[in-house]
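Trainee: how does the following fold in three dimensions:
(one chain, ligands or ions: 2)
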Amino acid sequence: MQFKTLPHPTPTPAKTRDAALADPGFGKLFSDHMVVIDYLEGKGWHNATVGPREAISLDPAASVLHYAQEIFEGMKAYKQEDGSIALFRPEENARRFNDSADRMAMPRIPEELFLEAVRQQVAADSDWFPTVDGGSLYLRPFMFASEAFLGVRPAKEYKFIVIASPAGNYFKSGVPAVKIWVAQDYVRAAKGGTGAAKTGGNYAASLVPQAEAIAKGCDQVVFLDAVERKWIEELGGMNLFFVMEDGSVITPPLTGTILPGITRNSLIQLMREEGLTVREELYSIDQWKADAESGKLLETMACGTAAVVTPVGTVASHDGEFTIGSGGPGQLTSKLRKRLVGIQRGQEADTHGWVMKL
Ligand code: PLP
Ligand code: COI
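Mentor: Numbers count the residues shown, from 1 in each chain. Ligands and ions are numbered 1, 2, ... in the order given. Purely as a prediction, here's the structure:
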């Protein structure tokens, strides 16, 4: 599909942009451009544009505003050692986007069109890479139902949009490890629900427990299974790994209630190549505490595109707190973070074909 380029009448002045790029934080700043592609039942995907990032006009009856037909992805573009720009496993994001679309009764977007949209976005905003150490250009492709009607049914009209946000650390810098709050009173997803789809409603459901976590002095919330309320699932925006003393690593299985993380999948492969035994199996909140206290559990790591690989130091709940290892970053967590970041930034050999140079 041909992308039409729309002129930008008022790009951000270079001085303002460069000051922002030196200290971007996460998700607060946005680049100058966006990609938009329309969908209409019977016509398919059409009208692809790359133009100024600007407000979109939406009918007040647009069904996304009422029934939340919306999905998104989170991915990053990295400046490589040699100055080129690369994406990390973007075809996995395209695949997961379509899995989310299937679950939310939305149209699939051809993988190549998704990838081309992302490439166009990065090319238009190539001067929006943070200059801060560890920075990247966070990309947010999303799709929503734009058709105006009030009956409850899948819409016939959608918009696919990509925006970009220069990103530094997700967690406030200087924190050696994050503190996690256990959601004992709330559930994120149940079997048969939308937990495995990257759709706004899952995040809406996480906001009250996340606010509770913040109020309790924690950084993130961990969700438990909806039935027995004991099996660890994932954090509000990250998957989890538990590193045991015997060299094995446990991670919750993909049972349909958690997001199948691309970082999760990559870390499993990297660990198995290192000779570690990774077990995708249920692990309970009580076992987590018991193993942390007996020293059987050495480390817990949280992982995701935004958070990369982040150590979990402390776990708090209505029943009290426990510390993992020394409460700071563990050895394997630090090693894996370095290895993954090295691959993403072209400092280490990409033996898996995970890096797509643009
Ligand atoms: N779990 C949830 C709920 C998320 O929002 C994310 C972030 O995208 C992840 C896990 C990690 O997924 P990924 O590694 O693909 O970014
Ligand atoms: C990501 O890691 O890309 C996400 O979408 C998670 C969110 C917490 C920012």
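
Trainee: packing partners of the longest helix that the chain contains?
Mentor: Longest helix in the chain by number of residues, with DSSP state H as the criterion: helix 200-215. Helices and strands touching helix 200-215, as assessed by 3 or more CB pairs under 8 Å, 6 or more residues apart in numbering; DSSP states H and E, comprise strand 70-72, strand 178-182, strand 220-224. Where you see a C-beta, it was placed from the backbone N, CA and C, and this is true even at glycine.

Trainee: spell out whether the following helix or strand past the last one and ligand 1 are in contact.
Mentor: To tie it back to what came earlier, the one meant is strand 220-224. Following strand 220-224 in sequence order, the next helix or strand is strand 232-235 (DSSP states H and E). Yes: counting by CB under 6 Å from any ligand atom, ligand 1 has neighbours in strand 232-235: Glu234.

Trainee: over to stretch 312-330?
Mentor: No: judged by CB under 6 Å from any ligand atom, stretch 312-330 stays clear of ligand 1, getting no closer than 14.0 Å.

Trainee: for that stretch, what is the average pLDDT?
Mentor: Per-residue pLDDT over stretch 312-330 has a mean of 96.

Trainee: what's the first-to-last distance across that stretch?
Mentor: Taking CA to CA, to the nearest Å, stretch 312-330 runs 9 Å from one end to the other.

Trainee: so for that stretch, what gets flagged as buried?
Mentor: By neighbour count on 16 or more other CB atoms under 10 Å, the buried set for stretch 312-330 is 312-317, 322, 324-325, 329-330.

Trainee: so which of these sit within strands?
Mentor: Among the buried residues of stretch 312-330, the residues falling in strands (DSSP state E) are 312-317, 322.

Trainee: CSV for these, including distance to Met301?
Mentor: Formatted as CSV, those follow (distance: CB to CB, whole Å):
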residue, distance to Met301
Val312, 7
Gly313, 11
Thr314, 14
Val315, 13
Ala316, 18
Ser317, 19
Phe322, 16
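
Trainee: hang on, the earlier thing: so is the longest helix of the chain next to ligand 2?
Mentor: No: judged by CB under 6 Å from any ligand atom, helix 200-215 and ligand 2 are separated, with a smallest distance of 7.6 Å.

Trainee: for that helix, give the mean pLDDT please.
Mentor: Computed over helix 200-215, the mean pLDDT rounds to 97.

Trainee: how about stretch 269-285?
Mentor: 97.

Trainee: next: stretch 76-93.
Mentor: Stretch 76-93 comes out at a mean pLDDT of 95.

Trainee: quick check: closest non-adjacent residue to the residue in the stretch 51-200 of the chain that ligand 1 sits nearest to.
Mentor: Here the stretch 51-200 of the chain gets closest to ligand 1 at one residue, Gly74, 4.5 Å apart by CB to the nearest ligand atom. Counting by CB to CB, 6 or more residues apart in numbering, Gly74 lies nearest to Thr305, which is 4.7 Å off, once chain neighbours are set aside.

Trainee: report the contact partners of the residue nearest to Val187 when sequence neighbours are not counted.
Mentor: Spatial nearest neighbour of Val187, excluding adjacent residues (CB to CB, 6+ apart): Ala226 at 4.4 Å. Counting by CB atoms under 8 Å, 6 or more residues apart in numbering, Ala226 touches 187-191, 193, 257.

Trainee: can you list those residues in TSV and add secondary structure, neighbour count and distance to Glu54?
Mentor: Converted to TSV, the contacts of Ala226 look like this (DSSP: H, G, I helix; E, B strand; the rest coil; neighbours: other CB atoms under 10 Å; distance: CB to CB, whole Å):
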residue	secondary structure	neighbour count	distance to Glu54
Val187	coil	18	38
Arg188	coil	26	33
Ala189	coil	24	34
Ala190	coil	13	39
Lys191	coil	11	41
Gly193	coil	17	35
Thr257	coil	25	37
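
Trainee: on that earlier part again, so what's the residue nearest to Val187 scoring on pLDDT?
Mentor: pLDDT, read off for Ala226, is 98.

Trainee: pull the contacting residues for the residue in the stretch 101-250 of the chain that ligand 2 sits nearest to.
Mentor: The stretch 101-250 of the chain approaches ligand 2 most closely through Gly237 (2.4 Å), counting by CB to the nearest ligand atom. Contacts for Gly237 (CB under 8 Å, 6+ apart) come out as 203, 206, 220, 304, 306-307.

Trainee: can you rerun that using 6 Å?
Mentor: Gly304 (CB atoms under 6 Å, 6 or more residues apart in numbering).

Trainee: and stretch 11-24, anywhere near ligand 2?
Mentor: No: legend: contact between stretch 11-24 and ligand 2 by CB under 6 Å from any ligand atom is lacking; minimum distance shown is 14.0 Å.

Trainee: end to end on that stretch, go ahead and measure it.
Mentor: Terminal-residue distance, stretch 11-24 (CA to CA): 18 Å.

Trainee: report the rounded mean pLDDT for that stretch.
Mentor: 95.

Trainee: go through that stretch and flag the buried ones.
Mentor: 12, 17, 20-21, 24.

Trainee: same thing with stretch 113-131?
Mentor: 113-122, 124-125, 128-130.

Trainee: how many residues are close by the closest residue to Gly261 other than its chain neighbours?
Mentor: Leaving aside its chain neighbours, Gly261 sits nearest to Asn239 (4.2 Å; criterion: CB to CB, 6+ apart). By other CB atoms under 10 Å, 25 other residues sit near Asn239.
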